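Enquirer: Please work out how this folds:
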Amino acid sequence: MEEFCPPTAIQLIASREEVADLLKMNQFIDLIIPRGSSELVKNIQEAAGSIPVMGHAEGICHVYLDEKCDSKKARRIVTDAKCDYPAACNAMETLLVHKSHINGGLFHTVIDDLKQNNVKIHIGPRLSNLLPVAPTPVNNFSVEYGSLECNVEVVDSLQDAVQHIHTWGSGHTDVIVTENEDSAKQFRSSVDSACVFVNCSSRFADGYRFGLGAEVGISTSRIHARGPVGI
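Expert: I've put the predicted structure just below:
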């Protein structure tokens with residue numbers, strides 16, 4: 001480490017009182033990158049005052065299965081996005097399904113895949129009206145479960161999916177699964193999130209996977225750094 005910076009450049013503080021004192025030193029600190037729970041990040045953002053804070057408070061990530069999606073890709077992406085590491089901020093919290101799939105095999109297969117991985121499913125109000133027997137209803141689309149639990153809702157169109165994401169999302173990571181290039185392009189240009197992916201898991205939103213070095217976090221800021229950050 002001494003080859004790159006002085007040993008005193010790295011310090012450890014352990015108490016909340018020390019953190020509070022540190023956040024008052026705006027004349028010495030250029031940037032804060034908090035790592036921890038959403039409650040910790042929110043507290044840091046509120047207490048930092050004039051010191052810039054780079055990061056995010058919540059990861060309300062969506063996967064949208066478009067009308068023209070590939071069923072094999074859809075199954076792998078949904079399962080990975082929710083089940084690979086459900087406590088991560090880039091795990092899927094809401095699955096949006098185009099209405100054309102509700103009476104087809106894909107919808108039921110994806111739901112079965114989630115259930116086989118012990119995922120508790122909450123059904124949105126619009127989807128509930130289309131099912132003979134609906135599981136647990138959604139209480140809040142803006143909840144970050146951080147566990148094997150997710151919401152599922154039906155949408156009428158790509159525009160409907162984008163509107164849902166902008167209403168309930170946190171600007172973290174959102175995914176479309178589609179074989180339609182026009183739909184992919186429209187989704188990328190319409191969704192205002194730090195990471196917008198086509199045909200890959202939301203778990204890809206990671207500084208290390210992006211080749212940026214050790215993972216620091218995901219910035220949802222619209223000023224300067226946005227997206228996965230590594231060091």
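Enquirer: all strands of this structure, in order?
Expert: Assigned by DSSP state E, the strands in the chain fall at 61-65, 92-98, 120-123, 149-155, 173-177, 195-198, 215-219, 227-230.
Enquirer: excluding its backbone neighbours, what's nearest residue 127?
Expert: By the measure of C-beta to C-beta, 6 or more residues apart in numbering, the closest residue to residue 127 outside its immediate chain neighbours is residue 154, 4.3 Å from it. Any C-beta I mention is one placed from the backbone N, CA and C, and that applies to glycine too.
Enquirer: Which residues are in contact with that neighbour?
Expert: Going by C-beta atoms under 8 Å, 6 or more residues apart in numbering, residue 154 touches 96-99, 102, 124, 126-127, 130.
Enquirer: Now a PyMOL select for only the buried ones of these.
Expert: Under the burial definition 16 or more other C-beta atoms under 10 Å, those of those that qualify are selected in PyMOL by:
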select buried, resi 96+97+98+99+124+127
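Enquirer: between the strands of the chain, which one is nearest to residue 114?
Expert: Between residue 114 and the strands of the chain, the tightest spacing by C-beta to C-beta is seen for strand 120-123, at 6.1 Å.
Enquirer: quick check, nearest of the contacts of residue 154 to residue 173?
Expert: residue 96 (13.8 Å).
Enquirer: Quick check: closest non-adjacent residue to that closest one.
Expert: Per C-beta to C-beta, 6+ apart, closest to residue 96 is residue 64, 4.3 Å.
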